[in-house]
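Participant: build me a model:
(one chain, ligands or ions: 2)
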Amino acid sequence: MRLSFHNTYARLPPAFFERLDPSPVAAPRWIAFNRDLAGLLGWDDPGLGSDEGLAIFSGNRVPEGAEPIATVYAGHQFGGFVPRLGDGRAILLGEVVGRDGWRRDVQLKGAGPTPYSRRGDGRSALGPVLREYLVSEAMAALGVPTTRALAAVWSGEPVYRENVEPGGVFTRVARSHLRVGTFEYFSARGDLPNLETLTNHAVERHDPEGAEAEIPALALLEGVILRQAGLVAHWMSLGFIHGVMNTDNTSISGETIDYGPCAFLDGYDPAKRFSFIDTRGRYAYGNQPNIALWNLARLAEALLPLLAPEPKEAVARAEAALDRFAAGFEEAWTRRFAAKIGIAVPRPEDREPVLGLLALLETHAVDFTLAFRGLADALTEVPERFSGLFPGPGVVVPWLERWRQHLRSRGIQPEEAAETMRRANPLFIPRNHRIEEVIRAGREGDFGPFERLHGILRRPFDDQPENREFAEGPEPHEVVSATFCGT
Ligand code: AMP
Ligand code: MG
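Facilitator: Ligands and ions are numbered 1, 2, ... in the order given. Predicted coordinates for the structure are as follows:
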């Protein structure tokens, strides 16, 4: 089987990576293989979904043409700088140019120790593999830029965490694995030649028109800023909490990457955080735009020497670029949230009713997803689906009045608004308590719940009456208050 790998990253100077093969696992078994995604990559050999693919996606066989490497990067973790992190449990097999013309990385996660593993074992427990598979594919179905899940394999080996857990290997597909932390690595070492090489590589991959710009590093910085602003606004509009927005988890491509302690809001609460190590709420839902900007400032700092020969001039250019984040975020946030209340072509004045509704959701701790989904019904046939989420229907009457008035003043018909809302407001999100159920069963070797949830999350905007219970929030005893890092 020929998989046509490209290896442009492995062609960069040796300072960028270490070459090594994945470590084999004892007794791999399939959990999931993403045929649609494989097709997009141009990989439709049926052997890929059977034994040959199993050998590849467990790390037991390096496919012909791949040049496996672990890449190096640094990063600010919870605000503190770590000068050398790198792929401690991930191995890049290579790049593939898909049917759509895009180049993507194919990476094994949990494929054994690398020179960057520090005290880690380079392995993944099954739980994080299932979580990343489900949540990244759900994000893709929701239309959010994200890394994708190509395969999940049961390794047949135990891994030792707080408990002994079954191990797994996850195959991740990404537009690239370049992160803010990759730039910080070379910048912190004062390695200008490699910083420039990295920048050129990133420009070529993610901002090709920037290659013609007067200052390619500035074009890249501006590109990353706009992508991140749009991405985080998209997260916010779905109630998504990334959970560990360290600079090594902030992608240059603008994809959501690293589904560790991530979660979706049930009741709306801007201060909500899930990661049990995020004791101060640095990565709380409502703080995500601030943190994205903070991370982008670290990228700007790393790029300073390439922005202008004069430090003062470089800082001025960096600041001007960072200043664009606020407007980019606000534009994207307004567009996303206006659609959520039925307005397809937003105006600044649409923010007022959105903020009014969010304040009500917060006061009454109402489920974010169900409230927005129910809103379309408030205009038409089943108003209780919305008002019934609040303690007493009277609570929402004044807001509903103002909103209907706002839509009328904007000349938007109820049916048109409902249509816009049904496209913007999913019914099915990967709720934490459902993922926990999947993981509990998976640990026992039962992947039925995984299959079912995966099937539901592929169509998040469809009503699916037979799966209605999967739309509901957790019962009090099912609430998951903390998620653990995917290590
Ligand atoms: P994360 O928080 O998942 O983004 O990981 C942060 C850093 O820790 C990265 O450099 C990972 O490669 C590394 N790491 C996480 N888990 C492991 C593990 N089990 N073995 C080795 N390195 C790990
Ligand atoms: Mg990471």
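Participant: who in this protein is up against ligand 2?
Facilitator: Counting by CB under 5 Å from the ion, the residues of the chain lying close to ligand 2 are 249, 258. Placement of C-beta: from N, CA and C, glycine included.
Participant: so which bits of the helix or strand of the chain with the lowest mean pLDDT are buried?
Facilitator: Every helix and strand of the chain was ranked by mean pLDDT, DSSP states H and E. The lowest is helix 384-387, at a mean of 86. Of all the residues in helix 384-387, those buried under the rule 16 or more other CB atoms under 10 Å are 385-387.
Participant: distance to Ala70 for the residues you listed - can I get that in a markdown table?
Facilitator: Putting the buried residues of helix 384-387 into a markdown table (distance: CB to CB, whole Å) gives the following:
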| residue | distance to Ala70 |
| --- | --- |
| Arg385 | 50 |
| Phe386 | 50 |
| Ser387 | 54 |
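Participant: what about this protein, any weak spots by pLDDT?
Facilitator: 381, 484-487 (pLDDT under 70).
Participant: for it, longest helix please?
Facilitator: Across the chain, the longest stretch assigned as helix under DSSP state H is helix 311-340.
Participant: so which elements touch that helix?
Facilitator: helix 216-238, helix 288-307, helix 351-363, helix 414-424 (3 or more CB pairs under 8 Å, 6 or more residues apart in numbering; DSSP states H and E).
Participant: residues of the chain that sit close to ligand 1?
Facilitator: The chain comes close to ligand 1 at residues 85-89, 116-117, 120-123, 244, 248-249, 258, 260, 485-487, as judged by CB under 6 Å from any ligand atom.
Participant: one more time with 8 Å
Facilitator: Residues of the chain lying close to ligand 1 by CB under 8 Å from any ligand atom are 73, 75, 77, 85-90, 110, 113-114, 116-124, 159, 244, 246, 248-249, 258, 260, 485-487.
Participant: using CSV, write out every CA atom in stretch 61-68.
Facilitator: What follows is the C-alpha trace of stretch 61-68 in CSV, where atoms were taken according to Å, rounded to 0.1, in the frame of the first residue of the first chain:
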residue,chain,number,x,y,z
ARG,A,61,4.6,-0.5,11.2
VAL,A,62,6.0,2.7,9.6
PRO,A,63,4.3,3.1,6.3
GLU,A,64,6.5,3.4,3.2
GLY,A,65,7.3,7.0,2.5
ALA,A,66,6.8,8.3,6.1
GLU,A,67,9.8,9.8,7.9
PRO,A,68,8.7,9.8,11.5
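Participant: list the buried residues for that stretch?
Facilitator: Buried residues in stretch 61-68, defined by neighbour count with 16+ other CB under 10 Å: 61-63, 66-68.
Participant: what does stretch 436-454 give?
Facilitator: Counting neighbours by 16+ other CB under 10 Å, the buried set in stretch 436-454 is 436-439, 442, 447, 449-450, 453-454.
Participant: nearest to ligand 2: which residue in the stretch 101-250 of the chain?
Facilitator: Asn249 (4.5 Å; CB to the ion).
Participant: now do the contacts for the residue lying farthest from the centre of the chain.
Facilitator: Taking CA atoms, centre = their mean as the measure, the residue most remote from the mean C-alpha position of the chain is Gly394, 37.7 Å away. Residues in contact with Gly394 (CB atoms under 8 Å, 6 or more residues apart in numbering): none are found.
Participant: what about Asp100, neighbour count?
Facilitator: Counted by other CB atoms under 10 Å, the residues lying close to Asp100 total 9.
Participant: SS state for it?
Facilitator: Following DSSP: H, G, I helix; E, B strand; the rest coil, we place Asp100 in the coil state.
Participant: surely it meets Leu40?
Facilitator: Yes. Counting by CB atoms under 8 Å, Leu40 is a contact partner of Asp100 at 6.5 Å.
Participant: look up how far Gly267 lies from Arg347.
Facilitator: Remark: distance between Arg347 and Gly267 (CB to CB, to the nearest Å) = 29 Å.
Participant: now the residue of the stretch 101-250 of the chain closest to ligand 2: closest residue in space that isn't a chain neighbour?
Facilitator: Asp258 (4.2 Å; CB to CB, 6 or more residues apart in numbering).
Participant: now swap in Gln228 and tell me
Facilitator: By the measure of CB to CB, 6+ apart, the closest residue to Gln228 outside its immediate chain neighbours is Ala292, 5.0 Å from it.
Participant: ok, that neighbour - contacts?
Facilitator: Contacts here follow CB under 8 Å, 6+ apart; on that basis Ala292 touches 228-229, 231-232, 245, 250, 325, 329.
Participant: again with Ala151
Facilitator: 30, 32-34, 53, 57, 169-171 are the contacts of Ala151 under CB under 8 Å, 6+ apart.
Participant: narrow the residues you listed to those in helices?
Facilitator: Counting by DSSP H, those place 53, 57 in helices.
Participant: for the residue nearest to Ser237 when sequence neighbours are not counted, give its distance to Met421.
Facilitator: The shortest distance from Ser237 to any residue that is not its chain neighbour, by CB to CB, 6+ apart, is 3.6 Å, and that residue is Arg336. Look at Arg336 and Met421: by CB to CB, they are 12 Å apart.
Participant: on that earlier part again, columns distance to Thr146 on top of the helices and strands packed on helix 311-340, output as a markdown table?
Facilitator: Converted to a markdown table, the helices and strands packed on helix 311-340 look like this (distance: least, CB to CB, whole Å):
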| stretch | distance to Thr146 |
| --- | --- |
| helix 216-238 | 9 |
| helix 288-307 | 15 |
| helix 351-363 | 24 |
| helix 414-424 | 18 |
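Participant: of those, which is nearest Arg280?
Facilitator: Minimum separation from Arg280 across these (CB to CB) falls at helix 288-307, 11.9 Å.
Participant: many thanks, I have nothing further to ask.
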